[in-house]
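[1] would you be able to build a 3D model of this:
(one chain, ligands or ions: 1)
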Amino acid sequence: MRLPVCISLANLPTKIERLERISKELGGINLYIKRDDQTGSEIAGNKVRKLEFTVKEALDKGCDTLITCGGIQSNHARATAAVAARLGLKSFLVLRSDETPVLEGNYFLDKLLGAEVKLITSKDYATARNQIMKDLKESLEKAGHSPYIIPEGASNGIGNFGYFKAMEEIKRQEEEMGISFDGIVVSVGSGGTYGGLFLANKLYGYGKRIIGVNICDDADYFKDKISSILEESFQYIEETIDYRRDEIEIIEGYVGRGYALNNKKELDFIYKFSAMEGVILDPVYTGKAMYGLTEEIKKGNIKGIKNLLFIHTGGVFGLFPKKDLFGL
Ligand SMILES: *Cc1c(COP(=O)(O)O)cnc(C)c1O
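    Residues are numbered from 1 along each chain as shown. Here you go, the predicted structure:
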């Protein structure tokens, strides 16, 4: 098998650390965390691993501009803006916002990194974001640029190889650490982090459980979405894997009030976790996923697992616009 080629952008490998006090509290499960929130500073988080592959494809096609989309506080959009600036490319971000956004968090960094931002309503985002990006691409082409569209979250066939490669990294770290993880847990927002881990796990026959916690939509939606990303990835490696849809293991029930919205339980959990472990989770993805995971462990719903690895996929900049909600 030949894997697609990538460029090097992230600080790798990211550390794996044991969460001492949470593990003790959970009793019986050793919980570890992989610090993909430390893949860089401007580029921090999981998206840069995917961008190592998607942007390589863009460069190979001779592109000079990256177009992508996301919510107003999108970590993916910010990472794309950072990567573009780092490589001397232009970036255009189509961001969802129903009101005039406050210049803070990731949105502020987008601007600081020189991105051009086009704001669209949540209705247009839901129904027409891909068309809007296409139209933007055409108008940029008419102006003499060569743009490349990266879909939401860089979750497509090529972006999937970011976490395919991360799975290889985890395998090497297991050998160095003399440990074997029975399961790997990630939050699921557009599916490409989960998809890459799932693909490598199957293709290499590692036999781990890959567990996602969805932070928008539901398990059914993501089983379809991840299946279709996998189909796209097969074309790149000219191979397929045998898997059943129910092996795509998604814990649902922790979306809370909705995407990027929080309730008091989640915020209290993030506070407790930060103070307890010295690790800061984000409110949109990792806070909800870690909350969901620990709740499920406490309920006895995670069976047959001794060593569990949670991937901290980043998102810290999204915490600052929410500082007043914590009541600290
Ligand atoms: C995008 C994102 C995720 C979700 O990853 P997907 O590949 O989109 O499912 C998780 N955590 C953070 C911080 C993110 O920005």
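[2] what does this protein have sitting close to the ligand?
    45-47, 75-76, 153, 155, 187-194, 282, 285-286, 313-315 (Cβ under 6 Å from any ligand atom). For glycine as for every other residue, the C-beta is placed from the backbone atoms N, C-alpha and C.
[3] from the residues you listed, which land in strands?
    Judged by DSSP state E, the subset of the residues of the chain next to the ligand located in strands is 187-188.
[4] kindly check the end-to-end length of stretch 250-267 for me.
    Distance between the boundary residues of stretch 250-267 (Cα to Cα, to the nearest Å) amounts to 22 Å.
[5] same question for stretch 67-79.
    Taking Cα to Cα, the first and last residues of stretch 67-79 lie 12 Å apart.
[6] and that stretch, what's its mean pLDDT?
    In this model, stretch 67-79 has a mean pLDDT of 98.
[7] distance from the chain centre to that stretch, please.
    For stretch 67-79, the separation from the chain centroid amounts to 11 Å (computed by Cα atoms, centre = their mean, to the nearest Å).
[8] residues contacting the residue in the stretch 1-150 of the chain that the ligand sits nearest to?
    Residue of the stretch 1-150 of the chain nearest the ligand, by Cβ to the nearest ligand atom: N75 (3.3 Å). For N75, the contact set (Cβ atoms under 8 Å, 6 or more residues apart in numbering) comprises 44-47, 106, 282, 285, 314-315, 317-318.
[9] measure it to A154 for me?
    N75 is 11 Å from A154, where distance means Cβ to Cβ, to the nearest Å.
[10] give me the common contacts of the two.
    Common neighbours of N75 and A154 (Cβ under 8 Å, 6+ apart) are K47.
[11] related to what we said a few turns ago, what's the closest of the contacts of N75 to P4?
    K47 (16.9 Å; Cβ to Cβ).
[12] distance check, that closest one against K223.
    Counting by Cβ to Cβ, the gap from K47 to K223 is 22 Å.
[13] nearest residue to the residue nearest the centre of the chain in space, please, no chain neighbours.
    With distances taken as Cα atoms, centre = their mean, the chain has N46 as the residue nearest its mean C-alpha position (4.7 Å). Closest residue to N46 apart from its sequence neighbours, by Cβ to Cβ, 6 or more residues apart in numbering: T313 at 3.9 Å.
[14] does the one you found touch V185 like I think?
    No: applying Cβ atoms under 8 Å as the test, T313 and V185 come out as separate, 10.5 Å apart.
[15] so who does the residue nearest to N46 touch?
    36-37, 45-46, 186-187, 193, 285-286.
[16] how about a cut-off of 6 Å?
    36, 45-46, 285-286 (Cβ atoms under 6 Å, 6 or more residues apart in numbering).
[17] OK, contacts around the closest residue to I16 other than its chain neighbours?
    Spatially, and ignoring its direct neighbours in sequence, I16 is nearest to K34 (4.9 Å; Cβ to Cβ, 6+ apart). K34 sits next to 14, 16, 309, 311 when contact means Cβ under 6 Å, 6+ apart.
[18] most neighbours, which of these?
    Neighbour counts for these, by other Cβ atoms under 10 Å, peak at I311, which reaches 26 neighbours.
[19] how about residues contacting the helix or strand where that residue lies?
    Following DSSP states H and E, one finds I311 within strand 307-312. With contact meaning Cβ under 6 Å, 6+ apart, strand 307-312 is reached by 29-37, 179, 181-186, 286.
[20] and if you look at stretch 91-111?
    66-67, 69, 71-73, 77-78, 80-81, 84, 115-119, 121-122, 125, 132-133, 136, 317-318, 320-321.
[21] and these, which are buried?
    With burial judged by 16 or more other Cβ atoms under 10 Å, the buried subset of these is 66-67, 69, 71-73, 77-78, 80-81, 84, 115-117, 119, 125, 132-133, 136, 317-318, 321.
[22] okay, and which of those map to strands?
    66-67, 69, 71, 116-117, 119.
[23] quick one, helices of the stretch 151-300 of the chain?
    Using DSSP state H, counting those that start in this stretch, the helices of the stretch 151-300 of the chain run over residues 161-177, 192-203, 219-237, 264-277, 286-298.
[24] and D224, how many neighbours does it have?
    14.
[25] and the one 5 residues further on, by the same measure?
    The number of residues packed near I229 is 25, by other Cβ under 10 Å.
[26] also K264?
    Around K264 there are 11 residues (other Cβ under 10 Å).
[27] do you know how far it is from T127?
    From K264 to T127 the distance is 32 Å (Cβ to Cβ).
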